[in-house]
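S.K.: Okay, predicted coordinates and the sequence, questions at the end:
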Amino acid sequence: MLSHRHKLGLAAGGALLALALAGPTGASATCATGGVTPAQIDVCTPTARAKLLGSGELIPPRSAPLRVQAVIAAANKIRTKPYIWGGGHGRWWDSGYDCSGSVSYALHGGDFLESPLPSGPMTHWGLAGEGRWISVYANAGHAYAVIAGVRWDTSGDSTGTGPRWHTDLRDNVGYIARHPAGY
């Protein structure tokens, strides 16, 4: 299990009630709550998982901060664009996107980037390590992101190439994890 799926415990009134939450892939996170209803449970999870629709559109969890919702909305706008090497680097709205162009476009939607970054420089963007809501994984040759527990990537899809949401996470060996402060 990747480290961005971690457990959070909250003590309330001396009582500790643990509820197991299962995500779409069957992985679980534990949230200890006190007086939180099941309908509110994603408020206390460290990374509430977004919902991927059959259309390929991602719906953010209710508890997602507005900037995270904006990142998801931006990514949804280009989710059917084809892969084009260098796409998304000369201008924000392009006919297709490469890996770092699509991650840049999504981050720009949440006001986390002013201009697109190639994958190499993404290894120095933001803060080191995985974030609670947004983690960008980059190396000299590729970049992808995990946003609200769902992978945003141009690779690993049998339905075509280009920016797509993926419920399966990939091995992040050889990648440097970065995140925006507070997210």
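M.R.: Good, I have the coordinates.

S.K.: Spatially nearest residue to the residue positioned nearest the centre of the chain, not counting backbone neighbours?
M.R.: Nearest to the geometric centre of the chain sits I147, at 1.0 Å (CA atoms, centre = their mean). The shortest distance from I147 to any non-neighbouring residue, by CB to CB, 6 or more residues apart in numbering, is to I134 (5.3 Å). All C-beta spots, glycine's among them, are computed from the backbone N, C-alpha and C.

S.K.: ok, how many other residues are close to that neighbour?
M.R.: Other residues near I134 number 29, with proximity taken as other CB atoms under 10 Å.

S.K.: what do you get for the one 5 residues further on?
M.R.: N139 has 14 neighbouring residues, counting by other CB under 10 Å.

S.K.: and the residue nearest to the centre of the chain, what does it touch?
M.R.: A50, L58, V68, V71, I72, A75, A106, W133, I134 (CB atoms under 8 Å, 6 or more residues apart in numbering).

S.K.: Recalculate using a threshold of 7 Å.
M.R.: V68, V71, I72, A106, W133, I134 (CB atoms under 7 Å, 6 or more residues apart in numbering).

S.K.: Surely the last one and Y183 touch.
M.R.: Yes. With contact defined as CB atoms under 7 Å, I134 counts as touching Y183 (4.8 Å).

S.K.: circling back: so who does the residue nearest to I147 touch?
M.R.: Contact analysis of I134 by CB under 7 Å, 6+ apart lists V68, V71, A145, I147, H179, P180, Y183.

S.K.: Out of those residues, which comes closest to M122?
M.R.: Nearest to M122 among these is A145, at 9.3 Å by CB to CB.

S.K.: From the contact counts, what lies against the helix or strand hosting V103?
M.R.: Here V103 sits within helix 99-109, counting by DSSP states H and E. Packing partners of helix 99-109 (3 or more CB pairs under 7 Å, 6 or more residues apart in numbering; DSSP states H and E): helix 66-77, helix 119-122, strand 143-147, strand 150-153.
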